[in-house]
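Novice: okay, predicted coordinates and the sequence, questions at the end:
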Amino acid sequence: MADVEYADYSLQSLTDVLDQANTRLRGGAHAAARIWPTGFEVLDRNLGGGFRSGELILLAGAQGLGKTTWALQAARNIALSGRSVLFFTFEHDPQTMLIRLVSLEAGLVAGSQAPTIAHIRAAFEAVGGPAGSLADRLDDAGTGGAKALEIVESYADHMVLHRSTGSRTTLETITDAVEEVRHQTGQLPVVFVDYLQKVKVPNGPSADDDRVTMVVEGLKDLALDIDVPVVAIVAADKAGLESGKRMRVNNLRGSSALAYEADTVLILNNKFDVVARHHLVYNLGSAERFKHWVVLSIEKNRSGKDGIDLEFQKRFELGRFEPEGQVVAEKLVDERIFVE
């Protein structure tokens with residue numbers, strides 16, 4: 001059959017797809033290039049290695065459970081590996097994100113001896129203490145502070161922050177920024193959006209559900225077009241935030257398009273709130289311990305298993321989670337159980 005050239009760039013014969021696959025393999029390209037490990041090993045194992053290029057990943061959870069902390073830590077792990085990250089932050093200014101990263105690194109360097117995020121923030125804001133450079137002030141803040149700054153500097157060029165606003169940041173803005181990062185770094189970046197419901201839709205529909213549909217479809221198209229993962233934090237509806245309920249995929253705020261368009265859905269719940277009652281009643285020590293852990297559930301996963309509940313310890317005073325998580329051993333329930 002003669003070769004056919006299509007004018008529409010979205011049309012591609014299967015022959016062309018096969019040729020491209022063969023070209024990549026002959027050139028030494030490996031499937032791992034399309035997989036972006038999150039750095040949370042137990043999650044990566046259950047996702048088949050990590051996030052995949054061309055996929056949309058949604059992260060949900062109640063306020064205060066660490067959605068931004070988790071996303072920033074995953075972004076940091078990717079940047080540390082030498083790959084580019086573009087992080088759209090609607091909720092925090094770039095300096096706050098930098099403070100969180102330095103705090104995270106200090107905790108990994110010095111453990112319990114590391115300065116808290118409050119001490120690191122004071123160093124950045126020149127509150128008290130001797131005058132001097134940022135490195136000097138971080139060294140004075142506590143063990144590991146100055147070393148943490150060095151580590152952040154080692155991957156700083158790979159992580160680009162976009163100070164986003166609900167009044168200006170549109171899907172077009174996101175696409176343009178991706179192209180700018182590709183131009184500046186020579187790499188396509190994995191994209192983090194914190195968070196999806198804040199993306200502006202110019203002259204869009206008045207109904208929230210319709211606007212969310214346009215945004216989630218646009219982010220999914222972006223993931224496919226640029227062939228990288230797009231990770232978006234999503235808000236929950238009122239039912240998902242009600243006392244006594246475990247948050248599920250049907251609690252994502254907006255239209256059903258969120259669950260439909262996403263390739264992977266991850267949901268954070270407080271372990272103490274969702275563990276079965278008998279784990280609390282008969283072991284009060286465990287009940288107190290559960291308050292310091294979150295359950296990260298793989299609610300949807302087109303590339304592998306779902307319905308998997310993982311747990312990670314919160315270390316929010318150090319701006320991070322412990323990266324060594326595990327599969328939840330206890331029985332979980334849909335109704336939250338509270339004990340005094």
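Specialist: In hand now; what should we look at? All values reported here derive from a predicted model rather than from experimental measurement.
Novice: please count neighbours and contacts with C-alpha atoms only from this point.
Specialist: Noted.
Novice: tell me how many other residues surround residue 58.
Specialist: Neighbours of residue 58 under the rule other C-alpha atoms under 10 Å: 28.
Novice: and the gap between it and residue 190?
Specialist: The gap separating residue 58 from residue 190 is 14 Å, by C-alpha to C-alpha, to the nearest Å.
Novice: overlap in contacts, the two.
Specialist: Common neighbours of residue 58 and residue 190, counting by C-alpha atoms under 8 Å, 6 or more residues apart in numbering, are residue 231.
Novice: flag the shaky bits of the chain, pLDDT-wise.
Specialist: Along the chain, the parts satisfying pLDDT under 70 run over 1-10, 12-14, 17, 20-32, 127-131, 239-240, 243-244, 281-285, 335-340.
Novice: hey, where'd the helices end up in the stretch 201-340 of the chain?
Specialist: Along the stretch 201-340 of the chain, the segments classed as helices by DSSP state H, counting those that start in this stretch run 208-226, 238-241, 257-261, 271-274, 277-281, 284-290.
Novice: mind listing what residue 166 touches?
Specialist: By C-alpha under 8 Å, 6+ apart, residue 166 lies in contact with 90, 198, 199, 200.
Novice: let's see 6 Å
Specialist: Going by C-alpha atoms under 6 Å, 6 or more residues apart in numbering, residue 166 touches 198, 199, 200.
Novice: just to revisit the earlier point, adding distance to residue 86, write the helices of the stretch 201-340 of the chain out as a markdown table.
Specialist: Shown next, in a markdown table, are the helices of the stretch 201-340 of the chain (distance: least, C-alpha to C-alpha, whole Å):
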| stretch | distance to residue 86 |
| --- | --- |
| helix 208-226 | 13 |
| helix 238-241 | 29 |
| helix 257-261 | 21 |
| helix 271-274 | 30 |
| helix 277-281 | 41 |
| helix 284-290 | 33 |
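Novice: and the gap between residue 117 and residue 248?
Specialist: Distance from residue 117 to residue 248, by C-alpha to C-alpha: 31 Å.
Novice: hmm, back to that, any idea which of the contacts of residue 166 has the most stuff around it?
Specialist: Neighbour counts for the contacts of residue 166 (other C-alpha under 10 Å) peak at residue 199, which has 26 neighbours.
Novice: mind listing what that residue touches?
Specialist: Residue 199 sits in contact with 166, 169, 170, where contact means C-alpha under 6 Å, 6+ apart.
Novice: how about the last one: what's its closest non-neighbour residue?
Specialist: In this case it means residue 170. Leaving aside its sequence neighbours, residue 170 sits nearest to residue 200 (C-alpha to C-alpha, 6 or more residues apart in numbering; 4.7 Å).
Novice: relative to residue 215, how far out is the one you found?
Specialist: Using C-alpha to C-alpha, we find residue 200 at a distance of 8 Å from residue 215.
Novice: do you know how far residue 249 is from residue 306?
Specialist: For residue 249, the distance to residue 306 - C-alpha to C-alpha - is 12 Å.
Novice: name the residue in these two with the higher neighbour count.
Specialist: Per other C-alpha under 10 Å, whichever of residue 249 and residue 306 has more neighbours is residue 249, with 21 against 17.
Novice: quickly note the distance from that one to residue 59.
Specialist: For residue 249, the distance to residue 59 equals 10 Å [C-alpha to C-alpha].
Novice: got phi/psi on the residue nearest to residue 40 when sequence neighbours are not counted?
Specialist: Take residue 40 and drop its neighbours on the chain: the residue closest to it by C-alpha to C-alpha, 6+ apart is residue 323, 5.2 Å away. In terms of degrees, to the nearest 10, the main-chain angles of residue 323 are phi -70, psi -20.
Novice: now residue 120
Specialist: Taking degrees, to the nearest 10 as the convention, residue 120 sits at phi -70, psi -40.
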